[in-house]
Each structure stands twice: as C-alpha cells, then as structure tokens.
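Novice: here is my input, please return the structure:
(2 chains)
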Protein chains: 2
Amino acid sequence: MVEEVGAALVIIGNEVLSGRTQDANIQYIALGLNEVGIRLKEVRVIADDPAAIIATINALRATYTYVFTTGGIGPTHDDITSECIAAAFGVPLLRDPRAVERLLLQIKPENLNEARLRMANIPQGAALIDNPVSHAPGFVLSNVYVMAGVPRIMQAMFDGIRHGLKGGARMLSKSVTIFAGEGVIATGLAALQNRYPALEIGSYPFTRDGGYGTVIVVRGTDAAMIAAAAVEVAELAASQDAQTEDDGQPPR
Amino acid sequence: MVEEVGAALVIIGNEVLSGRTQDANIQYIALGLNEVGIRLKEVRVIADDPAAIIATINALRATYTYVFTTGGIGPTHDDITSECIAAAFGVPLLRDPRAVERLLLQIKPENLNEARLRMANIPQGAALIDNPVSHAPGFVLSNVYVMAGVPRIMQAMFDGIRHGLKGGARMLSKSVTIFAGEGVIATGLAALQNRYPALEIGSYPFTRDGGYGTVIVVRGTDAAMIAAAAVEVAELAASQDAQTEDDGQPPR
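Specialist: Predicted structure coming up:
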C-alpha cells in the first residue's frame, strides 16, 4: 500500500465568490502538487470573513497533511489572512524584521507607510515564503502555507516551495477517448473499476459535431497496471462497436 | 437592515481536484445568483467520495439558505451524487418514473440499459430539475439543488431554476480604477470602509505596462450610498496625486 499524501487549498477572497474574478489558482496548484506526489483532496473558496477563515483553517489543518491558502496578504483593510492564521493557531501576529527587509527591496523607505508595513506582520514562529515578483513574503506555519492571491505572485511562491514538500507516490494517468456515449460502456466500466480497486477510473462525457463521446481517465501510481487497464477500456469499447483513440502516451 | 440570502456551491468531481479540468461553473453560478439577490458565500470542491459528499452536504444545508451541487449525476460508476444526497437526507433512492420518461426523450427504449437508468434514480421526495440539453434531469430536495457538471448542461438547468429562488436585496457594485499601488491609498481606504460599514470595499491590485494599479470595488445594496463612496474613493486617490478612472456606470 503506497502512502497517500493529501492537501487542501483555501482560496480567500470575496472576488471569486462575487463572480468578479474567474479562479486561476486551483488548476495550477492541483497540477503542481501532483508532480511532487501530493493529492489535492479538497478546495474551499471562502469570504474575507475572520470567523470563516479561522474555522476553515482549523478544520483543514487537522485533516490534511498540507494546507495551502491564497489571497488576503496585501496592504489593504480587506487583507486579513495573516491575522486570521495567527488567531487560528493562537499565536501573536508580530512585525517581522526579516519581512520588513524584504519590503524595502521593493518599496523606498519614505514610502513604507503603516499600511504597507502590514505586509510584514507575520504569525509568531512562521517561516517566510519567498516572493521573487514583488518581495512581500508569504509564510508557512506548521502545515499551513500562506500565499498571495494574484496568480503570477502565487505561482512564483508555490514554485519556490513545492519541491521542498514531502510527497508520496506520484499519481499517473492515461486517457482513452471513446466515440460513444457514457451509457454504452458504463456497465462494463463499473466491472472494470471493480477489478482494479487500486486505480481510479473516471468517465468524462463530451459532445463533438453533434455526436457523443467519453474520455476515460485511468489514474493510479502503478504505470503497468494503468496501461493494462487502459487496454481493457479499449477492448470494452470495441466489444460495443465503438471507435477509440489512445492518447499514445505511456502513463504520466 | 436588508435580509441577506446566502448560498453554497459544492463541485463534486475528481477532475477539478486532479487539475485535469479548469473549473467553469463557479463564476457562472456566482453571477447568476447575484442577479436574483442571493450571495454565494462558500464553494467547496470535493472528490467522488461518499463520506466527503455526505458530510459536506449536511454541513452546508444546515448553514445556508440554498446549496447547489454540480457533477456526478451521469450513468457511470463514478457518478454517485444522487445516492449520496439520499443518504445525507436519510431517504431512499428510488427509480423515478417521471425521470425515466425524460430519459426516453433522448434515448431509444432498446438502448435504455441499466447504467443509463441509474440517471433516473432520484431521492424520495425530490422534485426534478429540467435538462433542456440532454433531458437526464437534476433534482431539488429541500434546499439542495443537484445539477450536472458539464457546463452547458449545468447552465441550462440553473437558468431554469434560478428565477424561482427567493432572493433578498440585490448586491450592486461600482468600480474605480486607481493608477497607483494599493499601499498608496490603503490607510485612507480603511478609514473609508469604517465610515461605510454597510458597504464592502474591495481592493484588487494589478500591474500594467510595468506600473502598479488598483481596482477598488464598492459593493452593497444601496445605489446612492455606493455612488457616494465611489466619489470619496476618487477624492482619496486625488489627494495622493494618483490618477483615477471611473467605470462610468451607475452601481449595477
């Protein structure tokens, strides 16, 4: 049995909930975690509301190996993530001299006003996360990684930390496209899933040129087993007179 | 005090968590709810896992006026939403003759196999949600609205039900773009937020042509109050020698 390392992502910000902003962070983090053998198990999008942030962080950090947050660490009044993380852990929020130093890489001393200095308020005991884009750091406290919400900055922070995370076996996957509706192969597919309990067989319908199709995604940690199951998926489709198209790749 | 009606959205499916699929449903539902005076307060993305689905549904349906789910109501083995909703409510999952009738609008009787008939398994007591795209229905049980995950089908289902929801006052918003970094106006903006506790003033930084800018979004239910606050945002920027650009629209 291969150890599975699970993670949760918390997207903090009214702008996604109001529909103003299309989320651009879930997929980047999901794919990046997968590459280091960590599985994103849950995502929550919550408002800039202290009670919601504190309760969510405390629930998730007790459940998953890693928790990542994005958003709410800027200089304005609606940036309340850092103080909420401190409250969730029951530690003080302190002006961090290391963080002030980093702010001074970007901001002239005469412009480093009290609002901007809020970005140097870090929960006691946290380590800083580098921000190579605009220097205001993120931080990690225990298993909670706090990052910016702006995708370009989040990505730079995440890329800097993710190879230091301790993952398990990497999830690999392989796709087989079947030119028939899900219902044609559903019964056989359920039987196939039962024969391969160590794999996850997902079925994703699509329509193209008015016809129905289904992408079958086989996921797991054992490349040979995935390849064998993918062959069986194609055989199942053929037995129902459906054309298939292999992605032509080994499981990856 | 205007009554606020809150909702949660649950996106059920391994494909968003694995990064295979970019979510396309949050923003559509957020904007659509806002138009009928309902505020999306929380989104959860969870795996095709019965325990996770049941616990999430039961937590959210007790917390919010409305809960919407997307995904997991197709014919394949990984489509387990309907049985989990039934389990969450403690009611049986029954073959629904009304749903079978709808499936027959799309599927020839000789092709209506046991897998496809699973799409007609509906929790006892639920009302059906129309699916004008492919007929397999969603359903509503108490305050939980269960919809397909494929965006085109979800949108058709959602558009059919949302005007029947009972919303509160509609949230309006107005944007002012400031051509200066957030830190320049953050202190004044916090004071402004304090003077307008009935409004939500959000600050969203951007970079353009190497320069920093900030979009200030003022949200609330009172158009005149929003317009007055937006004028104060522009005055605040001017007092810091920052250019502004009004969206030129009344709050909407």
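
Novice: so the residue of the stretch 151-252 of chain A found nearest chain B is in which element?
Specialist: Proximity of the stretch 151-252 of chain A to chain B (C-beta to the nearest C-beta) peaks at A:Ala186, 3.2 Å away. In short, each C-beta sits where N, CA and C put it, glycine included. A:Ala186 is located in helix A:182-195, with elements delineated by DSSP states H and E.

Novice: so is stretch A:156-173 next to chain B?
Specialist: Yes - using C-beta under 8 Å from any C-beta of the partner chain, we find that stretch A:156-173 touches chain B at A:171, A:173.

Novice: residues in contact with that stretch?
Specialist: Contacting residues not belonging to stretch A:156-173 are listed as A:2-5, A:28-29, A:32-39, A:66, A:68, A:129-133, A:138, A:140, A:145, A:147-148, A:217-223, A:226, A:251-252, B:18, B:20 [C-beta atoms under 8 Å, 6 or more residues apart in numbering or on different chains].

Novice: one more time with 7 Å
Specialist: A:2-5, A:29, A:32-39, A:66, A:129-133, A:138, A:145, A:147-148, A:217-221, A:223, A:226, A:251-252 (C-beta atoms under 7 Å, 6 or more residues apart in numbering or on different chains).

Novice: next: stretch A:221-236.
Specialist: Under C-beta under 7 Å, 6+ apart, the answer for stretch A:221-236 is A:2, A:169-172, A:174, A:176, A:185, A:188-189, A:192, A:196, A:198-199, A:201, A:216, A:218, A:220, A:244, A:246, A:250-251.

Novice: just the buried residues out of the residues you listed, in ChimeraX syntax.
Specialist: The ChimeraX selection below is limited to those of those classed as buried (16 or more other C-beta atoms under 10 Å in any protein chain shown):
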select /A:171,172,174,176,185,188,189,192,196,199,201,216,218,220,244,251
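
Novice: on that earlier part again, for the residue of the stretch 151-252 of chain A closest to chain B, give its distance to A:Leu192.
Specialist: Per C-beta to C-beta, to the nearest Å, A:Ala186 is found 11 Å from A:Leu192.

Novice: what is the burial count for the residue of the stretch 151-252 of chain A closest to chain B?
Specialist: 24 (other C-beta atoms under 10 Å in any protein chain shown).

Novice: next one: A:Ala191
Specialist: Using other C-beta under 10 Å, A:Ala191 is surrounded by 12 other residues.

Novice: and for A:Glu42?
Specialist: 22.

Novice: so what's A:Gly213 up against?
Specialist: So A:Gly213 contacts A:177-179, A:206 (C-beta under 7 Å, 6+ apart).

Novice: Throw those residues into JSON lines and include pLDDT and neighbour count, thanks.
Specialist: Shown next, in JSON lines, are those (pLDDT from 0 to 100; neighbours: other C-beta atoms under 10 Å in any protein chain shown):
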{"residue": "A:Thr177", "pLDDT": "96", "neighbour count": "18"}
{"residue": "A:Ile178", "pLDDT": "96", "neighbour count": "26"}
{"residue": "A:Phe179", "pLDDT": "94", "neighbour count": "15"}
{"residue": "A:Phe206", "pLDDT": "87", "neighbour count": "13"}
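
Novice: all strands for the stretch 1-150 of chain A, in order.
Specialist: A:5-12, A:38-46, A:66-70, A:93-95, A:121-123, A:127-129, A:138-141, A:144-147 (DSSP state E, counting those that start in this stretch).

Novice: which of these sits most buried?
Specialist: Across those, the average number of neighbours (mean count of other C-beta atoms under 10 Å in any protein chain shown) peaks for strand A:66-70, which reaches a mean of 28.

Novice: using PDB, write out every CA atom in that strand.
Specialist: Extracted C-alpha coordinates of strand A:66-70, given in PDB (Å, rounded to 0.1, in the frame of the first residue of the first chain):
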ATOM      1  CA  TYR A  66      -0.700  20.200   3.900                       C
ATOM      2  CA  VAL A  67      -3.000  23.200   3.700                       C
ATOM      3  CA  PHE A  68      -2.400  26.000   1.100                       C
ATOM      4  CA  THR A  69      -4.100  29.400   1.200                       C
ATOM      5  CA  THR A  70      -4.200  32.100  -1.500                       C
END
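
Novice: strands paired with that strand, and their directions?
Specialist: Partners of strand A:66-70 in the sheet, by DSSP bridges, are strand A:5-12 (parallel), strand A:144-147 (parallel).

Novice: and of the ones you listed, who's closest to B:Leu103?
Specialist: strand A:5-12 (36.4 Å; C-beta to C-beta).

Novice: do you know how far A:Glu4 is from chain B?
Specialist: 12 Å (C-beta to the nearest C-beta, to the nearest Å).

Novice: find the nearest non-adjacent residue to that residue, please.
Specialist: Distances taken as C-beta to C-beta, 6 or more residues apart in numbering or on different chains put A:Gly168 closest to A:Glu4, at 5.5 Å, once the chain neighbours are dropped.

Novice: tell me the pLDDT of that neighbour.
Specialist: We have a pLDDT of 93 for A:Gly168.

Novice: roughly how far does it sit from A:Ile226?
Specialist: Taking C-beta to C-beta, one finds A:Gly168 at 17 Å from A:Ile226.
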